[in-house]
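Asks: below are the sequence and a predicted model for it; my questions follow.
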Amino acid sequence: MKKFKIILFLLAFCTNIFAQNFSVQAKIDSVGMYIGEQCNVTFEIYQSADIQVSTPIFSDTLISGIEIVERKNDTIVNQDGSLKITQIYLVTSFDSALYYIPPFPFASGQDTIFSNNLSLKVVSPEIIMDEEQNIPILADIKGLERAPINWQLIKKILLWSIPMWFLLALIIWLIIKFVIKKPIIIQEKPIIKRPAHEIAFEKLEEIRKEKIWQQGRAKEYYTQLTDVLREYLENRFDVPTFEKTSSEIIDSLQFIKKEYSEQLNSLRRIFNISDLVKFAKLIPDINENNAVLNNSTDFVTETILINNEQLIINNEEN
């Protein structure tokens, strides 16, 4: 009787093994990264072609704290007719922690297989000291990546637009030849552009009135401040800023260092403190929050451009 039970157990075990005609393997590109960096979490499913495997459905996050940036799927048919299905999730995180990625279920009929568990350690970027200014600065986290050019889409647009351009040129030629008898002089109205400092003063005053840092929203407060300064720098010095890091902005403004040396140093300190608040979770005191707002206003005041002449206002004379 005992031997009979052992035989039944072995038959059930073997039946369960052969019933599971698919397998799952989870992989991760890196076990550690800085805040804001990205890596791939991959699930590889090996299955026969005659079954349907149900996979986990993720929303915007893989787990709490790990956000999904991009998803890719790929299917390869092997020589024996089996399939290899690859699901790739490009993920990132903005909170430093050691994340445990648990096993996820993959089901086919009555069979369920769990992927292997993974782990990912996310750390804050290194904070170093600026020896010249003796202030903390935040090391660059991740450079900007250019989106790939979709040449196929551009080609289709060009092919479809050629007949339209030809028709438009024909209509214009007919209008000029048969309709227009006298030249039409179109006087363009001059575009009146508001001075950069007026826009900056207006937005800084709105920030001063809202006082959102008193509500515990320090990160939002410093983000608004630096956005106002970035917009002012673009309009005032014609320097692109919104696609650059703080250190890259300072580097691109070196051409004004001779005339605005003190103001450039003040701008560097504002950006450094803002980066520490936004990325290193620094919590400034009430005096520091007021000082950064006042320094931002002073920077705009001391670099105003009036009638194409640079004007630096001397606070001592005022």
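Replies: Right, received. Where do you want to start?
Asks: now Gly32: closest residue in space, sequence neighbours ignored.
Replies: For Gly32, the nearest residue in space outside its immediate sequence neighbours is Lys121; the separation is 4.3 Å by CB to CB, 6 or more residues apart in numbering. Bear in mind the C-beta positions are built from the backbone N, C-alpha and C, glycine included.
Asks: Ile68 versus the one you found, what's the distance?
Replies: In this structure, Lys121 lies at 19 Å from Ile68, with CB to CB, to the nearest Å as the measure.
Asks: so what's the residue nearest to Gly32 up against?
Replies: Lys121 is in contact with 31-33, 97-99, counting by CB atoms under 8 Å, 6 or more residues apart in numbering.
Asks: just the buried members of the residues you listed?
Replies: Neighbour-count burial within the contacts of Lys121 applies to 33, 99; the criterion is 16 or more other CB atoms under 10 Å.
Asks: tell me, how many residues neighbour Trp173?
Replies: When counting by other CB atoms under 10 Å, one arrives at 10 neighbours for Trp173.
Asks: what about it, which SS state?
Replies: Counting by DSSP: H, G, I helix; E, B strand; the rest coil, the backbone at Trp173 sits in helix.
Asks: what's the distance between it and Trp160?
Replies: 22 Å.
Asks: again with Lys209
Replies: Using CB to CB, one obtains 51 Å as the distance from Lys209 to Trp160.
Asks: what about Asp74, how many residues close to it?
Replies: Asp74 sits with 11 neighbouring residues when counted by other CB under 10 Å.
Asks: tell me the bridge partners for it.
Replies: In this structure, Asp74 bridges to Thr86 when assessed by DSSP bridges.
Asks: residues touching it, list them.
Replies: Per CB under 8 Å, 6+ apart, neighbours of Asp74: 85-86, 88.
Asks: OK, contacts around the closest residue to Gln224 other than its chain neighbours?
Replies: Nearest in space to Gln224, with sequence neighbours left out and distances taken as CB to CB, 6+ apart, is Ile207 at 5.4 Å. Shown here is Ile207, whose contacts under the criterion CB under 8 Å, 6+ apart are 221, 224-225, 228, 293.
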